[in-house]
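Trainee: Quick one: sequence plus predicted model below, questions after.
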Amino acid sequence: MELSRRAIENTAESIDVAMRQLREAMVGMPDKDMGFKRSHESAARDAAHFTVLLQETAGNR
């Protein structure tokens, strides 16, 4: 399935918004409860990597 440049940019923007909302929702949460911090950092790294790949793909179109 081929994505248009605009669709890719919209997806990247949506990921940014979702990660910002998650960061804001985490304010005041204990970081180390049940390994949440490690899980969140891993998810954030994966989301950042995916966003970069999307932006690179959009740049190649």
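Mentor: Nice, thanks for sending it over. Numbering: from 1, shown residues only.
Trainee: Against Pro30, how distant is the residue positioned nearest the centre of the chain?
Mentor: Against the mean C-alpha coordinate of the chain, by C-alpha atoms, centre = their mean, the closest residue is Ala47 at 3.3 Å. Ala47 is 22 Å from Pro30, where distance means C-beta to C-beta, to the nearest Å. Glycine gets a C-beta too; all of them are placed from N, C-alpha and C.
Trainee: just to revisit the earlier point, you'd agree the residue nearest to the centre of the chain is up against Leu22?
Mentor: No: look at Ala47 against Leu22 with C-beta atoms under 8 Å: they stay out of range, at 9.2 Å.
Trainee: who touches both of these two?
Mentor: Common neighbours of Ala47 and Leu22, counting by C-beta atoms under 8 Å, 6 or more residues apart in numbering, are absent.
Trainee: all helices for this protein, in order.
Mentor: 5-25, 36-59 (DSSP state H).
Trainee: possible to save these as a markdown table with mean pLDDT?
Mentor: As requested, the helices of the chain are exported to a markdown table (pLDDT from 0 to 100):
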| stretch | mean pLDDT |
| --- | --- |
| helix 5-25 | 82 |
| helix 36-59 | 81 |
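Trainee: contacting residues for the nearest residue to Phe50 once chain neighbours are set aside?
Mentor: Leaving aside its chain neighbours, Phe50 sits nearest to Ile15 (6.8 Å; criterion: C-beta to C-beta, 6 or more residues apart in numbering). The contact partners of Ile15, by C-beta under 8 Å, 6+ apart, come to Ala47, Phe50, Thr51, Leu54.
Trainee: Most neighbours among those, which one?
Mentor: The residue in the contacts of Ile15 with the most neighbours, by other C-beta atoms under 10 Å, is Leu54 (19 neighbours).
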